[in-house]
Structures are given as C-alpha cells and as structure tokens.
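Colleague: Quick one: sequence plus predicted model below, questions after.
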Amino acid sequence: MPDRVPGEVPSIAGPGRAHYRSGVAKIVPLPQAVTELVHDGDTVALEGFTHLIPFAAGHEIIRQRRRGLTLVRMTPDLIYDQMIGAGCASRLVFSWGGNPGVGSLHRMRDALATGWPAPLEIEEHSHAGMANRYVAGASGLPFAVLRGYSGTDLPNHTDTISSVVCPFTGERLAAVAALNPDVTIVHAQRADRDGNVQLWGITGVQKEAVLAARRSLATVEEVVDELTPVPGAVVLPGWVLDAVATAPGGAAPSYAHGYYDRDNSAYRAWDAISRDREAFTRWLRTIEEAAA
Amino acid sequence: MPDRVPGEVPSIAGPGRAHYRSGVAKIVPLPQAVTELVHDGDTVALEGFTHLIPFAAGHEIIRQRRRGLTLVRMTPDLIYDQMIGAGCASRLVFSWGGNPGVGSLHRMRDALATGWPAPLEIEEHSHAGMANRYVAGASGLPFAVLRGYSGTDLPNHTDTISSVVCPFTGERLAAVAALNPDVTIVHAQRADRDGNVQLWGITGVQKEAVLAARRSLATVEEVVDELTPVPGAVVLPGWVLDAVATAPGGAAPSYAHGYYDRDNSAYRAWDAISRDREAFTRWLRTIEEAAA
Amino acid sequence: MTGTAEPVAGTRAAANWTADEMMSIAAARALRDGQACFVGIGLPSTAANLARRLHAPRLVLIYESGTLATTPEELPLSIGDGILADSALTVVSVPEIFNYWLQPGRIDVGFLSGAQIDRLGNINTTVIGEYDEPAVRLPGSGGAPEIAASCREVIVVMRHRRRAFVDQVDFVTSVGHGSGPGDRELLGLRGAGPVRVITDLGVLEPDPDTTELVLTTLHPGVTVEQVRAETGWPVQIAADLVITAPPSTAELETLRAMRTVGSKGSS
Amino acid sequence: MTGTAEPVAGTRAAANWTADEMMSIAAARALRDGQACFVGIGLPSTAANLARRLHAPRLVLIYESGTLATTPEELPLSIGDGILADSALTVVSVPEIFNYWLQPGRIDVGFLSGAQIDRLGNINTTVIGEYDEPAVRLPGSGGAPEIAASCREVIVVMRHRRRAFVDQVDFVTSVGHGSGPGDRELLGLRGAGPVRVITDLGVLEPDPDTTELVLTTLHPGVTVEQVRAETGWPVQIAADLVITAPPSTAELETLRAMRTVGSKGSS
C-alpha cells in the first residue's frame, strides 16, 4: 500500500467500533489517521458549516487517492469541489452546493454534466433535512421527523425523504432517513492530550456529525495541556473520537474562529481555477505534491 | 380581583400569543407576572432539573390561590409537593416524584391516596419521554420519537405514549405527545434590561420548556446591564419570554449555580413537615403571609 | 403592513442612485422594528442590516448558521462569518436553529432571493431545465424551503429579469403560494408565504383572491412597460399603483456606508 | 467480565466492615478503567466514585443531569449538585444526555438500584401493589427505563431483602430480562441488560440459559441460608459459588474517606 504511512504510532481501534467505543482518542499524524479511518467506497462526512471546514483532511484524502467515496456535507463548498475534481467521489449528499459569496462549484457541475473525472450521483436535501438526518444518526434512531419538503419537488428525486403520521393528531409530517457516515471528520480549534476536542464560534452540525459516525477524526489547530472553558464552545469527549490529528491552518482558506479569518481571495480565485480542467489539474498537482 | 396587583407597570402581552410573539420581555414584579400569566385551570410547567427550581414563583402561585392547575415537571420535587398540598393542582405530569436524596413526597402521596386537599390525577413518563415531549413542543411538532418504554408497564397507564413505524426500516419505535404548557416558568441567574435571560451550570430542560410554552416567565437572581458570556450558559432571548421578574434567592432551597448551594437541611426538614397535615398547614400559612 | 414607498429616515431626496440601491432601500423599508427576521446572505442581508441602521435598531437578525440576534458592524462575507457569532446574543447549533427557532413559526419575516420566481411566488434555486439533465445546476435548497414554509411572512428580494420572473418555475425549491389560493393550507405550511416581492423595478404583491403576483409599486423612473418586458407572464398592474419615493439622502448614505467584512467596497 | 471477588487495591484484609461497605466495594470492583458509566445518585454513585479513586481513574462518569465525564471530589448530594457541573468535562442539556449519549448505546455500564427486582432482573421503582391503588407509591421511572434499555450492560446494586427480591415485580419500570431468554431482542432493547446484581449479601448473575438470577458469589461471613431467607423465589446456587475476598484496608479506607457535599458523614 503506497499510501500507508510507516508509523511507530500504534494503530487506531479498528473500523465499525467507534460508534460503540470507549477509551481515549489516539493523537496521530494526519496521514495515518486518514489511512486507517478512510477507505475506498466509504461514506465520508467532512462537516463544518462554512466555518472550520476540514480542508487539510480533505487534501490528505486526495493525496491518498481514495476512490468511490460517498461525500456527505450540508455545504460541499470548495473542499468537496476539490475532492470531486480529484476523482475521490462517486456520490454527493448535500443541501446547498455553491461557492459561498462567490458563485458556483464548477468541478461539481462538470462531474454532474459530463462525468469528469468520474460520474457523480447526487442525493439532495434541504439544510433542515440534512441537519435532522444527522440528529437521528447521533440519536441512534433510524429517522427524524420535521415540517419540511411539503409542496417542493425534492421528494420526487430523493428517496431518503418520506413521511409519517402523528399517532396522536393524525397529522402527516416529513420523515428523513438517519445519516450514519462510516467516518466523520471535523476541524476544531484545539484538543487536550486525552483527545478531548473543543470548538467554538459557529458550531454548526459537527457534534451531531461526529456522534452519528461509526468512526471519527478531529483535526485541530493545536493540542494543549488543558481545555480552558470558552463561552459557546462544544466539547467532544475523546472517547467518542477515534483519532485527533494536529493540523495548524487545517481549516484554511475557511475560517477558524479566534485563529484566522476566511481567505476570501482564495475563494474568489477558486472560481477561475475550477472553471478550467487544465487549471484545476495544475492546482491538483500542487496538492498531491505537498506533504501533509 | 384581590390578587391583582395595582401596577403602574403596563400589562404583559395577552395569553396565547407568546408562542408566536416577538418584542422584548417586560420586567415586572413577580406578583404581577403570576397574576397575568398563570390562570386557574392552566397547564403550568415550573422547570429546573433539581438545580434552579423556581420556588419563589411557585410560592406566589400558592399565594394567589390558583386552582385546577395541571402541573408539569420532570421532577416534582418539594415545590410541587407544596403546590399540591396547597390545593393548586388537579393533575400532575412527571417522571420522577421523590424528595431527592431524602425520600418521598408526602403531600403528593396523600393527594393520590386520599384526595387531600384535592383529588390528583397523574400522567407518568420516563425522563427521556418527558424531555422528548418538551423537545417536540419546542420544535412545533406534535410528537417525538425515541427508543423507550418497550417492555415496561407505563404505556398501559399513560395515553400520551404510543408508537410509530420507521418509513425506511419498518422498525417500531416509541412516540410521545408534544408538551405545550400554557405557561412555563424557569429561574435563572440573571437577565439584562431587554429581558434576555442567562442561566448556567446544569441547564436541564429549561430552554425546551420555555420554547414549548404559549406564555413564559423567567425569575432571576438579578438584572444586570450586560450579560457577560459564561461557558456552558444557555441564553433565552427576551423576545421569546413574556416577562422577567427579579427574585433574589428565588430558587432556594434548591441550587443557583454560582449564587448559592442547596439548603439540604430544608429538604430534610420537609420530610417531617410534609408527613403531617397539621405541620404542613402551619408551613402553608407562613408562605401565604409572606410578601413576594 | 409597512410600506416600501416612503422613506424611513430623512426627507431630502437623493440626487442619483442605482436600481440595486433602490431595491435594497425598498426592502429595508418593508421591515418593522422589533421583528425577528431570518436572513440569507446577499441582498437580504444587505437590506436587513440597512433597516437595522435606519429605523429598526431592535430588528432581531437570525442567520441559518445559528447566530441569534446578531448585530454585525460590517456585512458578513458568508453565512459562516465570525462577525455573526461575535456580535450575536447567542449562537446555537444548526439543528437547533431550524428545529427550535424556524420550524415552530417564531420568526416574523423570512427574507429570500432566488434564481427563478413564478407568478404564484414559488421559488427555484435548484436547477434550470430538467433535474436530471439541467441546463444550469444551481446551488440547491439550503435553508430556503423551511424559511418559506415556516416564517410568518416571506419577503423576496431579487433583480427583475425576464429569465428570473417566469410563468412557472422549472423546479419548486421553496413554496410560495403553490398552485394558488388555499394550497399552502392544504400543504400544511403555516406561514403566510410571500407577501411582497421587491425588485430593482418595483414591488409585486399577491392578489388576495388569486395569489398571483401583481405589480403594486413602481420605483421612480421605471415604467410599467419595463416591468412587463422583464416579467415572463402577463403581469397585472394594481389599479392603485404606487410610485416609490426615491431614496432619501439619509437612506442612501447609510447604505453606501455599509462595508462587507474584509473588503473595501460596499456590498 | 471483571470479578467482584478480588480486591482492586491493596492486599491486606481489613478487620471489620459493614455489609453496605462490602456491597459498595464489590460494586466498585465490577467496573473497569476507561468504561463510560451512567450513574444514579445513592449506592451507584458511591460505588462508581469509589472505583474512580481505586483502580479506575479514567472511569467516565455520566449523570442524567447532563454532566459528562464528571470527577467530583465529594459525592453529590443530588443529581443537580453543582459539583457535578463544576468537575465535568462538559455539561449538556437533559434532552441531549438521553438522546445523543444514552440512547445510541455509547454507554458501557448502567448502574441501577430499585425498590423491587425479580428473578428475571426486572426492576420496579413505581408502585408496590396496584398502579391505581398502590400500597406504596414510589418515585417512578426517572432515567432508569432507558438506562436499562440502552447501556451495553447493567449492574444493579441494592440491599438484599425479601420484600425487594421478589418472584415477580408489581410493576415493570425498567426491563431486566423481561419474560426470559430472547425477550430483550424481541422488545428491541439493544443492551445486554442486568449482568450482575450486587447486594449486601453477595452477587447474583443471570443464568445463561434461563436468564434467571442465580447466586454466584457470597460475601465473607454470609451463608447461603441467609440469601435464601432474603430472596422471594427459590434461588439457585451456582455450583462454583465464589466467596468474596473481604475489603482490603486500601479499599475500605478509601470508601470511608469519601464525603458527601455539605455533610460531615460518609455516604
């Protein structure tokens, strides 16, 4: 396996057990974490609602040439446009697929229109539907109930949307199937040495995405001795994570609240790069050649 | 109306509109808030999971001699034992009815066994069921789904427990009816002058209970100029509350994190007071005679 | 309901302004102080923040990223902008913002835009053409369908172009008045739906009987013919057609003074 | 599975101890380091905190009040005790602790007690007698039914009295092994249910074939006759009946050193 990292670091607890696992997250190098936790054909969620997007982890997945992934994310953003263009994905599950504040995701559009570099299926929801699918997954329930989709055309195209009748009132409501990714990856500001992870600012759906997953990885700006409490922070205990990897700047060019702002020039520049396969391929080479 | 407080303070927005209301919570005296928001026959939830129990508000309801209330609380605790003994309640909706760390709730037992001072119906759930009923109420849904009650005897006695079938997997799960109290009352550490309320420590189910209610009141230890962010704090915007009333010590003898600890001697003393109708009646007189 | 025609600040009319500026100012005029407003990035965010700086200082701005009662000093660059969290009363999770705040109908006004809107106010942000073989693939739903379903009323802000104002949308992403009168009730949608579509040419409102969007207001200098030319259905003109008062200098200066995070230019 | 028979700290046997102390120490011995443990106030809280001070410093203690990975220096007075929040890794809401943490089966061990337990490990904390005309009204369900349903395994700690160890509980508040082998699966309960009932006389475990509770361990100085006398059904005795090693001085001193918040006495 060319993409396996020869590591003295002991291997992470095996697949499929994280969801029912206790202990502490192992702090490992990012390449090892991706090698051991992300497999071809997996359903993978890299979450972070425009803030704290795990770009470093996504780029490592590109470098390790994972294929046939089902990519799950409310807002695919640049990171999934890049992974789709790199040929990692065969399916995309999402609710809003644009370049925020800039325009379209051209690699996603190209894959949908022409199948380049690989055919891409889509499973499309609303934000409320996706959020509730993660909530159901995190709660160990097979579905969630919401007021949504009624009168829209989405249910005609998405088979993870159905309905249920309230046993008390007889009212019909929307039902969405639970999301339980094989692996969820999030980026956070910091972790302690036991692998407890702390993130703050706009906390999005990261807690639900991690708790819904069979395996999980958090990349962090830094590992600290103690997690000083921060107002509004979400803490993910190390025992619900498989691995933590330090990745300073790992959310760039998106935001990491308290560490750096979004590099908007990179978001604008992506529009031109992603419009053109040649330009994209040149960009891809720089990622593949870069060390994690 | 002897219990109406002659107030220059403008009256609070009328019943039934809070759930769909914007604006700011009015800061009013506790007696006025109870007079305007709590009516005979209402379904009333005073929440606070052993911590931040709104005793001052409950005692004001006793003083204003509300009758025929449906009292909703996960843990009735001393406050509902007192309100039941005072004759405020005709129905109790709950999930754990003991004197925490001490023993039984004797006024509740007496009302159930002998109907003194008034007959008491009960609607009994588990904690998970009650919590999810508030979640459904806060979410504007008629019911919630959970893994619960299966194999227990409770569904034979509680008609707000039913079941639904997952439209995706065919699995049968428990369903509980939403709780939407006419009025929810919580106690918090502090509020700002716009009626935004901040509470921290064990935050329990207070957010859900307030958001599920048609009307709501928060009593607070103090009103401050600014709500300095506190780690782990829940903030309830003034525009989802009808009224805020200052009630220093308003959670005593229970806890108010950062302000005072539980007065355990009072919890122990209640055991003796509540065992004996005479002793209880003497206690009741002290409450009725005390000014808010 | 608040009008869009009269200035909310200042009386002196400005000398010149752009159609986009008139649109944002008209949209800002439509908001009342103290309302809770669910806002999307772009035109809605600009209009809502303008209103907050003019006549509605207590406007409660809510973004789908979970920022409640946020008061950004500059316009957010994206829905994830840190300024939304830093200036918020509190930040909640994304599931909570949709389930506890939007879904129950607590929000007064939902502010939407879109690629297509039809004569019954239905909005498309998903695809132009067929879903499986789209001519143009658009971003998709985001929070719009539930904003359109659950807010007490919806205000749409979008540029008035013939390709955007169509007889029937290619894809119903967010329901306006569905197939017509009574349809929202049948669909179980509890909000009133679009009460006003504010464009760079004027304002359209649903006819109380048919729910079809009717031109009720023209911005100054715009002709009915322009509106007809840019509308993909034979648009009805209200008998009591109103002309929007031009931006006041106060309104225009406030709009032009607004900056977007990290940029020098106005939004 | 960890045994309850052997000391987890120290080797020197203590001179004298109470039956309650033996029960708490045996319960503490049953926990493994690193496990996530859902704990109720009282005997379970005492045993779990004792284990954390002895052999299981990384035991993850979770209370239904939403305190995750809490490490109280003194025993909490109640489920709402501030010491649980102050010493927790994080505090979550009550709906979250049940929905995100307990329900999915993330918790290794659920620690329960009760007023009645029957030969199949079903627990009653609701009523003695008829539900509508109870002889004794008990507190009710609390978090117990879902702890019993969803934790990977359940350990019950309660004093061994004939009125409490009954052939069949008057009310099934929390399901143990239901009506017998296979019943938990039929009911959709995903955890293993009670794997061990630790009392002040000994330890009972479900027979692998019948799920009936069988006496597998006797505490030192206790006779099989005592257990029979205090058990409301003809209790089976394991062929390989084990005798619990007495508390070590280390175990006993640690237990006796534990204080409850706001009180001078040990819990």
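Modeller: Arrived safely. Numbering: from 1, shown residues only, chains lettered A, B, ... in the order given.
Colleague: Would you pull up the residue in the stretch 151-292 of chain A closest to chain C?
Modeller: A:Gly151 (4.0 Å; CB to the nearest CB). Glycine gets a C-beta too; all of them are placed from N, C-alpha and C.
Colleague: which residue does chain A bring closest to chain C?
Modeller: Per CB to the nearest CB, A:Thr50 is where chain A lies closest to chain C, at 2.6 Å.
Colleague: For that residue, give me phi and psi.
Modeller: In terms of degrees, to the nearest 10, the main-chain angles of A:Thr50 are phi 70, psi -30.
Colleague: Hmm, A:Ala256 and it touching each other?
Modeller: No: in this structure, A:Thr50 sits apart from A:Ala256 without contact. The criterion is CB atoms under 8 Å, and the distance is 11.9 Å.
Colleague: all strands for the stretch 151-267 of chain C, in order.
Modeller: If DSSP state E, counting those that start in this stretch is used as the criterion, the strands of the stretch 151-267 of chain C fall at C:153-157, C:165-166, C:194-198, C:202-206, C:213-218, C:237-243.
Colleague: cool, the stretch 1-150 of chain C as well?
Modeller: Using DSSP E, counting those that start in this stretch, the strands of the stretch 1-150 of chain C run over C:36-39, C:60-63, C:67-70, C:88-91, C:109-112, C:116-118, C:123-124, C:127-129, C:134-137.
Colleague: possible to save these as CSV with mean neighbour count and mean pLDDT?
Modeller: Conversion of these to CSV gives the following (neighbours: other CB atoms under 10 Å in any protein chain shown; pLDDT from 0 to 100):
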stretch, mean neighbour count, mean pLDDT
strand C:36-39, 26, 95
strand C:60-63, 27, 96
strand C:67-70, 24, 95
strand C:88-91, 22, 96
strand C:109-112, 28, 95
strand C:116-118, 25, 98
strand C:123-124, 26, 98
strand C:127-129, 18, 97
strand C:134-137, 15, 96
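Colleague: Tell me where the stretch 151-267 of chain C has helices.
Modeller: Counting by DSSP state H, counting those that start in this stretch, residue ranges of the helices within the stretch 151-267 of chain C are C:183-186, C:224-229, C:249-257.
Colleague: Is the first one positioned near chain A?
Modeller: Spelled out, that is helix C:183-186. Yes: residues of helix C:183-186 contacting chain A under CB under 8 Å from any CB of the partner chain: C:Asp183, C:Arg184.
Colleague: quick check: mean pLDDT across that helix?
Modeller: Averaging the model's pLDDT scores along helix C:183-186 yields 97.
Colleague: close to chain B, is it?
Modeller: No: when contact is scored as CB under 8 Å from any CB, no part of helix C:183-186 falls within range of chain B; the minimum is 15.9 Å.
Colleague: quick revisit: check the gap between the residue of chain A closest to chain C and chain B for me.
Modeller: When distances are taken as CB to the nearest CB, to the nearest Å, A:Thr50 and chain B turn out to be 22 Å apart.
Colleague: Over to C:Ser174?
Modeller: To chain B, C:Ser174 is 18 Å away according to CB to the nearest CB.
Colleague: Apart from its chain neighbours, what residue comes closest to that residue?
Modeller: In this structure, C:Ser174 finds its nearest non-sequential neighbour in C:Ala148, 3.7 Å apart by CB to CB, 6 or more residues apart in numbering or on different chains.
Colleague: Could you count how many residues lie near that neighbour?
Modeller: By the other CB atoms under 10 Å in any protein chain shown criterion, the neighbourhood of C:Ala148 contains 28 residues.
Colleague: which residues touch it?
Modeller: C:Ala148 makes contact with C:Gly110, C:Leu112, C:Ile123, C:Val154, C:Ser174, C:Val175, C:Gly176, C:Leu189, C:Gly191, C:Gly193, C:Pro194 under the criterion CB atoms under 8 Å, 6 or more residues apart in numbering or on different chains.
Colleague: closest to C:Arg163 among those residues?
Modeller: C:Ile123 (14.3 Å; CB to CB).
Colleague: can you pull the contacts of the closest one?
Modeller: Residues in contact with C:Ile123, defined by CB under 8 Å, 6+ apart, are C:Leu112, C:Gly114, C:Gln116, C:Ile117, C:Ala144, C:Ala148, C:Val156, C:Val169, C:Val172, C:Thr173, C:Ser174, C:Gly176.
Colleague: Dig out what it forms beta bridges with.
Modeller: Using DSSP bridges, the bridge partners assigned to C:Ile123 are C:Ile117, C:Ser174.
Colleague: The strands of the stretch 1-150 of chain C into a markdown table, with extra columns for distance to B:Ala251?
Modeller: Shown next, in a markdown table, are these (distance: least, CB to CB, whole Å):
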| stretch | distance to B:Ala251 |
| --- | --- |
| strand C:36-39 | 29 |
| strand C:60-63 | 28 |
| strand C:67-70 | 25 |
| strand C:88-91 | 22 |
| strand C:109-112 | 37 |
| strand C:116-118 | 52 |
| strand C:123-124 | 48 |
| strand C:127-129 | 55 |
| strand C:134-137 | 55 |
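Colleague: out of the ones you listed, nearest to B:Asp271?
Modeller: Nearest to B:Asp271 among those is strand C:88-91 (39.6 Å), distances taken as CB to CB.
Colleague: That closest one pairs with which strands, parallel or anti?
Modeller: Partner strands for strand C:88-91, per DSSP bridges, with pairing direction: strand C:67-70 (antiparallel).
Colleague: Poorly predicted segments of the stretch 101-250 of chain C, please.
Modeller: Within the stretch 101-250 of chain C, no stretch falls below the threshold (pLDDT under 70).
Colleague: Up against chain B, what does it have?
Modeller: For the stretch 101-250 of chain C, the residues found near chain B under the criterion CB under 8 Å from any CB are C:Gln103, C:Pro104, C:Gly105, C:Arg106, C:Asp108, C:Ser150, C:Arg152.
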